[in-house]
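Peer 1: for reference, the sequence and a predicted model appear below.
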Amino acid sequence: MERTPGVYIQEIGLLPSSVAPISTAIPAFIGYTDKGGGTGRPLDGQAVRINSLLEYEKMYGKAENQRLVITVDTATNTPIKVAVDTTDPSPYLMYYQVLMYFLNGGGPCYIISVNRYQDTGTKVQSKYLDDSVIDSSTGRVGGLALARKVDEITLLVFPDAPALEDKDYYNLYQAALKQCSELQNRFTLIDVKDPVSPDTSASPIAAFRGTTTFPGIGINYLNYGAAYYPYLNTTLSYQYDLASSLSFVDRNKDTITDTGSLSANTKFIASLERLIAGFPVTLPPSGAIAGIYAQIDRTRGVFKAPANVSLNSVISPVRKITDEEQQELNIHSTGKSVNAIRAFAGKGILVWGGRTLEGNSKEWRYISVRRFFLFVEESLRKAIEPFVFEGNNENTWIRIRGLIENFLTSQWRAGALFGSTPSQAFFVNIGLGATMSAQDVLEGRLIAEIGMAAVRPAEFIILKFTHRVQNA
């Protein structure tokens, strides 16, 4: 209260509060690492935010050494072929997937280390990855449960999931989709893998969708995830240890037992290192796809479909998909769409699909539409939180309506909403008799209704040509 004569300045805000758009492509990589995770370890039970591969390496180390089989021409002491030891393949792909994420445009992400390589042998266990309680005495939970606690996470990636048995694999992804539905702020990336059950007659796609033999992915929460196929031959090289990670085979004889002379041969070693460097690491696509999501969100916006984009550090898909084959991937009677990754002459390796798993849904068939709604919902939820316990009256309603309309207008101008005017692009209703009854007000409920005409991708571009007859 003024008591001394004079001039006093009071600033009156006329503009409504603004909405801060949330970050839309912040993945959580949930899996095994070289160091950091495990009971009693420094990074156990934590979701750690990193911004670069260097940060990852400092905290979590690198990839597990992969056993490689080298075929040697003993007549010339020349290594001529390299292959992964299929009797002892490393199931741990976290490091490679994080690397592919950054190589394809990824930015900040979270790492959830559920255990260390050496603490688990060669067995990836679903209990470490999902929502289950691992240790009842300590209350330690799986990586998916840890991800639930971090509000900033918007994508879920499981680099080591392909090593799980089929039932555990699908249960894990079903739990991830369920979490996305419950939290309404994240999306799951799924790798379609080859089935590992005894009956291998089903194709990877048929097994993924579910057959009488394979469980397949379920039917719930499908619009909260997208599946990608096939695996990728990358330009990355396997990590190995010369002394313990290599087996040598004579191309004309039995296994070489005396490797001492080979290890001491500097020319042989140099030739061997070049050969291994050119042998591609084969990976599920989710790490690279997460990078594409981050790249598109940053350069175009979450409303742009993460498709028709080339993948970096990829030599080829492990399987060539034709137009006819993609028809069954894209549109299927089960509704479970699978996005293809294809090689095109003169264009490179492209992500050639932009559908959620709920591919037959009129509302949620497109990844960009689903993720744009999640983005708007979460942005508005956080922006409106300061109004909790404000008076439920006309003044508050006007302020909230203005806040929402300003935000959606900015999204319309950015190209996210369809319509030549804001009124065609969206509507915001709020008020007594419009969205609330007198009973709602008495019970403290403030209800706003929002409708948006989200831009959908031009998935099928049809050009119609007519032959015009020349007039005499």
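Peer 2: In hand now; what should we look at? Residues are numbered from 1 along each chain as shown.

Peer 1: and this structure, what are its domains?
Peer 2: 27-237+281-368, 413-472 (automatic domain parsing).

Peer 1: quick one: low-confidence ranges for the stretch 151-300 of the chain?
Peer 2: 195-202, 212, 254-261, 263 (pLDDT under 70).

Peer 1: contacting residues for Ile217?
Peer 2: Listed by Cβ atoms under 8 Å, 6 or more residues apart in numbering, the contact partners of Ile217 are 170, 173-174, 190, 208-210, 227, 336, 357. The way it works is simple: take the backbone N, C-alpha and C, and place the C-beta from them, glycine included.

Peer 1: shouldn't Tyr96 be in contact with Val281?
Peer 2: Yes - look at Tyr96 against Val281 with Cβ atoms under 8 Å: they come within range, at 5.7 Å.

Peer 1: mind listing the shared neighbours of these two?
Peer 2: What both Tyr96 and Val281 touch, as defined by Cβ under 8 Å, 6+ apart, is the set 234, 236.

Peer 1: now the domains of the chain in a markdown table, with distance to Phe248?
Peer 2: Below are the domains of the chain laid out as a markdown table (distance: least, Cβ to Cβ, whole Å):
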| stretch | distance to Phe248 |
| --- | --- |
| domain 27-237+281-368 | 5 |
| domain 413-472 | 51 |
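
Peer 1: surely Ser310 and Phe344 touch.
Peer 2: No - in this structure Ser310 lies outside contact range of Phe344 using Cβ under 8 Å: 9.1 Å.

Peer 1: so between the two, which is more surrounded?
Peer 2: Using other Cβ atoms under 10 Å as the criterion, Ser310 and Phe344 rank with Ser310 on top: 13 against 10.

Peer 1: any idea how far the more buried one is from Cys109?
Peer 2: Here the distance between Ser310 and Cys109 works out to 21 Å (Cβ to Cβ, to the nearest Å).

Peer 1: now do Leu189
Peer 2: Leu189 is 12 Å from Cys109, where distance means Cβ to Cβ.

Peer 1: what is in contact with the two at once?
Peer 2: With Cβ under 8 Å, 6+ apart, Leu189 and Cys109 have common neighbours 27, 290.

Peer 1: and those two? which has more neighbours close in?
Peer 2: Cys109 (26 against 23).

Peer 1: residue contacts, that one?
Peer 2: 26-29, 49-50, 98, 101, 290.

Peer 1: and the furthest pair within the residues you listed?
Peer 2: Arg49 and Ala290 (14.8 Å; Cβ to Cβ).

Peer 1: so these two - more neighbours on which side?
Peer 2: Shown here are Arg49 and Ala290; by other Cβ under 10 Å, Ala290 has more neighbours (30 against 15).

Peer 1: secondary structure element for that one?
Peer 2: Element membership for Ala290, per DSSP states H and E: helix 286-299.

Peer 1: can you list the buried residues in that helix?
Peer 2: 286-297 (16 or more other Cβ atoms under 10 Å).

Peer 1: which among those residues gets closest to Arg67?
Peer 2: Gly287 (22.1 Å).

Peer 1: wait, the closest one sits on Tyr95?
Peer 2: No - checked against Cβ under 8 Å, the pair Gly287 and Tyr95 is beyond contact range at 9.8 Å.

Peer 1: I'd like the buried residues of helix 286-299 as JSON lines, with distance to Asp34 appended.
Peer 2: Formatted as JSON lines, the buried residues of helix 286-299 follow (distance: Cβ to Cβ, whole Å):
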{"residue": "Ser286", "distance to Asp34": "20"}
{"residue": "Gly287", "distance to Asp34": "17"}
{"residue": "Ala288", "distance to Asp34": "21"}
{"residue": "Ile289", "distance to Asp34": "24"}
{"residue": "Ala290", "distance to Asp34": "20"}
{"residue": "Gly291", "distance to Asp34": "21"}
{"residue": "Ile292", "distance to Asp34": "26"}
{"residue": "Tyr293", "distance to Asp34": "26"}
{"residue": "Ala294", "distance to Asp34": "24"}
{"residue": "Gln295", "distance to Asp34": "27"}
{"residue": "Ile296", "distance to Asp34": "31"}
{"residue": "Asp297", "distance to Asp34": "30"}
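
Peer 1: next, give phi and psi for the nearest residue to Pro79 once chain neighbours are set aside.
Peer 2: Sequence neighbours aside, Leu272 is the residue nearest to Pro79 in space, at 4.6 Å (criterion: Cβ to Cβ, 6 or more residues apart in numbering). Here is the backbone geometry of Leu272 (degrees, to the nearest 10): phi -60, psi -40.

Peer 1: distance check, Leu272 against Ser379.
Peer 2: Distance from Leu272 to Ser379, by Cβ to Cβ: 53 Å.

Peer 1: and the strands in the stretch 351-472 of the chain?
Peer 2: 426-430, 448-452 (DSSP state E, counting those that start in this stretch).

Peer 1: among these, which is the most enclosed?
Peer 2: strand 426-430 (a mean of 18; mean count of other Cβ atoms under 10 Å).

Peer 1: quick one: strands adjacent to it?
Peer 2: Here strand 426-430 is paired, per DSSP bridges, with strand 448-452 (antiparallel).

Peer 1: residues contacting the strand it pairs with, please?
Peer 2: Contacts for strand 448-452 (Cβ under 8 Å, 6+ apart): 373, 376, 380, 400-401, 404, 408, 417, 425-430, 434-435.

Peer 1: with respect to Phe158, which of those residues is nearest?
Peer 2: Phe373 (23.9 Å).
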